[in-house]
Structures are given as structure tokens and as C-alpha cells.
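S.K.: here's my sequence, what's the structure:
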Amino acid sequence: IADVVVHRLLAAALDIAKLPPVFQDGPQLTGIADNLNYRHRNAQMASRASVELHTLIYFRTRPVDTEARIVKIKANGFIVFVPKFGIEGPIYLTAKGDKGADWVVDEVHQKVTKPGTNISYAVLQSVMIHMEVVEPQPHRPKLQLTLI
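M.R.: So this is what the prediction gives:
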């Protein structure tokens, strides 16, 4: 329906066709657009939930160690992309609520380093991770990525 609305408005703007009366009523057109946006958001959320559900079903019985690439450095770890599965997710270097005193984040160079060691991680670096489904809360499974 969104395509029909856009095409009719475009056709009227180009003087190809006359604008239907329903499209001349501003509040009604706004209502139509709001409804289309609402339905589009719901469809996106349903799609994401479906992908998440099937990912959990797949990995529940198949924990795996695999290669990943760091795509973003964060204060408490980094985000990785797993090419083999097309999955992106967080790797935490510090526990939740911990201030991350063990790691120094260099935002400019997109690098995180552990002081006093030669351990560091940077964007586009390849790392080995473990992927498995965990259930930190009852009936709330999630895919957990951990550094190996």
C-alpha cells in the first residue's frame, strides 16, 4: 500500500494523473502514513524476533568455536562479526557493572589494551570466540559470545 500512495502522489506531482480526493485530506493522509509506519515497524520487529528464535534453536544444540572479526571497540569490550554465520554480537572484557579498570580504551585508534601486558585488541583484528546458548534468567535464553 505504501508504494501505491507514493506512486499516486508522484504521478500527481508530475501532472500525470489527478490526485485522488483521499490524498487531498491532510489529516487522513497522515493517518494512513502513521498506520503504514506502524505496520512496517511491527513487521521489522517480527522479522528480527524470528531470526533470533531460529538462531537460538540452531545454537542450543551446537555450541561452536569459530573465528570472528572485531568491528567496534566499546568501553567494556568490543563488537564482533562472525562471517561463518553472519552474526554480530558483543564480547565483554569486563563484568557487568565493573568500570573496566583492567583495560584502557583508545577511541582514536579503536584499540583496547590491558596495561602491563602485550594484550590488545583492535578493529578488524581476527579473534577466536566460543558461541553458545545460555540461560542467565529462567526462560530467557540468549546467544553468548566469549573470547577464547
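S.K.: what's the burial count for Val71?
M.R.: A count of nearby residues for Val71, using other Cβ atoms under 10 Å, gives 13. (Glycine included, C-beta is placed from N, CA and C.)
S.K.: His139 now?
M.R.: 5.
S.K.: how about Ile79?
M.R.: For Ile79, the neighbour count with other Cβ under 10 Å is 17.
S.K.: where does it fall, secondary structure wise?
M.R.: strand 77-82 (DSSP states H and E).
S.K.: I would like the residues contacting that strand, please.
M.R.: 66-72, 87-94, 112, 121, 127, 129, 131, 145 (Cβ atoms under 8 Å, 6 or more residues apart in numbering).
S.K.: and after it, which helix or strand comes next?
M.R.: strand 87-92.
S.K.: what lies in contact with stretch 83-97?
M.R.: Contacts for stretch 83-97 (Cβ under 8 Å, 6+ apart): 55, 66-69, 71, 74, 76-82, 100, 102-103, 112, 127, 129, 131, 143, 145-147.
S.K.: what's across from the residue positioned nearest the centre of the chain in the sheet?
M.R.: For the chain, Glu88 is the residue whose C-alpha lies nearest the centre (Cα atoms, centre = their mean; 7.0 Å). For Glu88, the beta-bridge partners are Phe81 (DSSP bridges).
S.K.: run the chain-centre distance for the top helix by length along the chain.
M.R.: Looking across the chain with DSSP state H, the single longest helix is helix 26-60. With Cα atoms, centre = their mean, to the nearest Å as the basis, helix 26-60 stands 14 Å off its chain's centre.
S.K.: that helix packs against which elements?
M.R.: helix 2-13, strand 126-137, strand 140-147 (3 or more Cβ pairs under 8 Å, 6 or more residues apart in numbering; DSSP states H and E).
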